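[1] Here is my input; please provide its structure:
(chains A and B)
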Amino acid sequence: MLGTLGRYFNLFFITLFILVGLSFVLAFFFPGDPVFNLTGMSLEELPTSAYTKALADERWFVAFWYYVQSLLDGSWGISTITGLDLFAEISTLLPATIELTAYATIVALLVGIPLGFWCGLKHHRKTDYAFMSISMLMSSFPIFWLSLLLILVVSLQLGWLPMSGRLSLLYDIPHYSGFILLDIYVSDHPYRQEALMDALRHMILPTLSVAFLATAVFLRTTRRAVVDVLEQDYIAAAQTRGIPFWKIFLRHIMRNALLAVLPLLAVQVSTLVTNVMIVETITEWPGIGDWLIQAIYERDYSAIRIGMLVVSTVVVFVTLLIECLSKLFDPTQEQFS
Amino acid sequence: MILLDIRNLTLEIESNGVLVKALDKVSLSICEKEIRALVGESGSGKSLIVRAISGSLPPQWIITADRLTWRGQNLLKMSKSERQKIMRRDIAVIFQDPQAALDPSVKLGAQFRESIPNEFINSRWWWQQRAEQNRIAWAQLTRVGIKDVKKCLNSYVHELPDDVCQKFMIAMALVSQPTLLIADDPTRGMETSTKRQIMSLCKNLNRHSDLSILFVSHDLLAISSIAHTITVLYSGQTVEDGPFDSVRRKPFHPYSKALLDSAPSFRPELQPKSPLTALKGTIPTLQHLPIGCRLGPRCPRAQKECVNTPVPRTIHKRQYRCHFPLHIDADENLDGKYEGIDV
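    Prediction:
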């Protein structure tokens, strides 16, 4: 177990190092001055330090060393367009993205996995075919179109839900953690209850659009895993022992199917994050995806560099975390290590 | 008394829109204290029979039978829970691949506790129950000859060697004190010493605990050491049935003869380095089953009539399904008579 943890730590840090290296090299590939791309300021504007000296002398390897240090310090440079500090920017943006992703994932898991079990147990019957067709349809929806469609119908025509943003401008909630629900909860705003409801109403549309696709994927993955487990000899063997089906389901089918689903979810993380970024742009959710796409429009190179680094770090971390957990939970994995 | 009685069991599987008879009128019966061997090549449907008896076939497969009874009760007509009860208490099955037949993600101890019938546990509280279950598990596993019981109970399947898993399966099957043990190729791929241990275990159980055994295998040598009666299966059809010694001495069906001849250890008169006799061709696949007697295309004695399925015929205690049986017809020229016929 310690070995597995160690291996994943290693993997994480090596990947991270490569990513940092890439983000450093990126500054040279972008048009313009590499120093400007790295820090958002020209050499003359920068306060003199060992880092700036290395940059000025074009001792790139030394500069890279200081670059890694500055990343760890949290001095990530400033945006070339707005001039805002990138670290402060991202620490308010990232929680919003994580929040949206988390809610969408929770919804998708709560709907997709039980339905997947249901379909798997009823495989090749009418219920199964119905849900399979629906999920096929769901997973083939382009997300940007779905999101627009939802806004058109639910917000504009029916007027049930707000169409963009994260919270109505009426409520001024002080920044605490960046997670809006938590922020509202800890704030002492006089209309806290109303603010909470408003935040929830804002959340529904983007969450649903992201969860729509993820649900379909989770449903199909789970169904496949359940069907595979049902075909195994040990299920037949348990039946010949005269164990009632619900016991077999609880003790053998559920466990093995979930163990098979878990590593497959890791593959879905990057798709999920991409979808979240698209939805953020459309619904103007103040997350990192919206911000990053804006930065790309405005050729804000220092922001692109750091945005890419942060997003990929999150993706790598979550993917490896899920894989690591599935390794730790699944006793059969030991035989391969 | 007859425990399990199967008459004309037919199993149809849909394959590309066509119904294929994977089992065609299989008949088999097991009496009390009997060890019956069920013999056939791989793919002849031995395991399907086992699964049909235990009721673990996929629901879309069609089972029909004139009789499929356990102590006179119809297994096909009874409710699910009644059948589960019989499987839980009276019939036990051990599978050919113990590694696949045990859940890989649950420790063996938990799997063992699960198969102990509730009636055996008298304690009230769960910790007492657990202790009692562990006691039973310990006794059973020692009985089948597992040395490191503690390690076995605390391990996952993949951590243990095959023979320990097989012994564990046997112990788990026997814990409910069944009347019939169905052993589906329990010695496959095992080394001789382990094989012998398992065989003698079966034999002892039969002798001392009056356990009936349906021993499914193609290992003739192993069968000869324990079986009282034998049923020969070819491509989903029972071809011959009878007391083992008598079948071995004078097989009626050409397939039984070919099967017995294929085991060199059964033929003391065999000269060293002489070629082994074997039927030409291979067992037909489900998609290309011949009509009539399924041995037809491979049979050295086949004639025109063989396209009609032969009816079972009984002589003394033996039963065979063949139009032109060996050792029965007094006409010694039988072989010579058909030489000119193009088959």
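
[2] what about the residue of the stretch 1-150 of chain A found nearest chain B, how many neighbours?
    The stretch 1-150 of chain A approaches chain B most closely through A:H124 (7.4 Å), counting by Cβ to the nearest Cβ. For the C-beta atoms, the positions are set from N, CA and C on the backbone; glycine is no exception. Neighbour count of A:H124, defined by other Cβ atoms under 10 Å in any protein chain shown: 12.

[3] do the same with the one 10 residues further on
    Other residues near A:I134 come to 14 when the count uses other Cβ under 10 Å.

[4] now what about the helix or strand hosting it, what contacts it?
    Assigning secondary structure by DSSP states H and E places A:I134 in helix A:126-139. Applying Cβ atoms under 8 Å, 6 or more residues apart in numbering or on different chains, the external contacts of helix A:126-139 come out as A:115, A:118-120, A:122, A:212-213, A:215-217, A:219-220, A:223.

[5] Shouldn't B:V232 be within a strand?
    Yes - per DSSP: H, G, I helix; E, B strand; the rest coil, B:V232 lies within a strand segment.

[6] residue contacts, it?
    B:V39, B:G40, B:T238, B:V239, B:E240, B:D241, B:V247, B:H253, B:Y255, B:S256, B:L259.

[7] now those residues as CSV including neighbour count?
    Written out in CSV, the entries for these read as follows (neighbours: other Cβ atoms under 10 Å in any protein chain shown):
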residue, neighbour count
B:V39, 26
B:G40, 24
B:T238, 28
B:V239, 28
B:E240, 26
B:D241, 26
B:V247, 26
B:H253, 28
B:Y255, 28
B:S256, 25
B:L259, 26
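
[8] so which of those residues would you say is closest to B:D219?
    B:V39 (8.9 Å; Cβ to Cβ).

[9] The closest one is in contact with B:L259, isn't it?
    Yes - B:V39 is in contact with B:L259 according to Cβ atoms under 8 Å; the separation is 6.7 Å.

[10] okay, and the common contacts of the two?
    With Cβ under 8 Å, 6+ apart, B:V39 and B:L259 have common neighbours B:L220, B:V232.

[11] which residue sits closest to the spatially most central residue of chain A in space, ignoring its chain neighbours?
    Nearest to the mean C-alpha position of chain A, counting by Cα atoms, centre = their mean, stands A:V273 at 3.9 Å. The spatial neighbour of A:V273 that comes closest, neighbours along the chain excluded (Cβ to Cβ, 6 or more residues apart in numbering or on different chains), is A:V315 at 5.5 Å.

[12] Up against chain B, what does chain A have?
    Neighbours of chain B within chain A, by Cβ under 8 Å from any Cβ of the partner chain: A:124, A:232-234, A:236-244, A:247, A:251-252, A:255-256, A:259, A:330-332, A:334-335.

[13] redo that, cut-off 6 Å
    Contacts of chain A with chain B, taken as Cβ under 6 Å from any Cβ of the partner chain, map to A:233-234, A:236-237, A:239-242, A:252, A:255-256, A:259, A:331-332, A:335.

[14] rewinding a little: C-terminal to the helix holding A:I134, what's the next element?
    Counting by DSSP H and E, what follows helix A:126-139 is helix A:143-150.

[15] how far does that following helix sit from the chain's center?
    Relative to its parent chain, helix A:143-150 has a centroid offset of 19 Å by Cα atoms, centre = their mean, to the nearest Å.

[16] now swap in stretch A:259-267 and tell me
    Put simply, stretch A:259-267 sits 15 Å off its chain's centre (Cα atoms, centre = their mean).

[17] Please identify the buried residues of it?
    By neighbour count with 16 or more other Cβ atoms under 10 Å in any protein chain shown, stretch A:259-267 contains the buried residues A:L259, A:A260, A:V261, A:L262, A:L264, A:L265, A:A266.

[18] Hmm, which of the contacts of helix A:126-139 is lowest in pLDDT?
    Here the lowest pLDDT out of those sits on A:K122, with 86.

[19] Just give the closest residue to that one, not the sequence neighbours.
    Nearest non-adjacent residue to A:K122 (Cβ to Cβ, 6+ apart): A:D128, at 4.8 Å.
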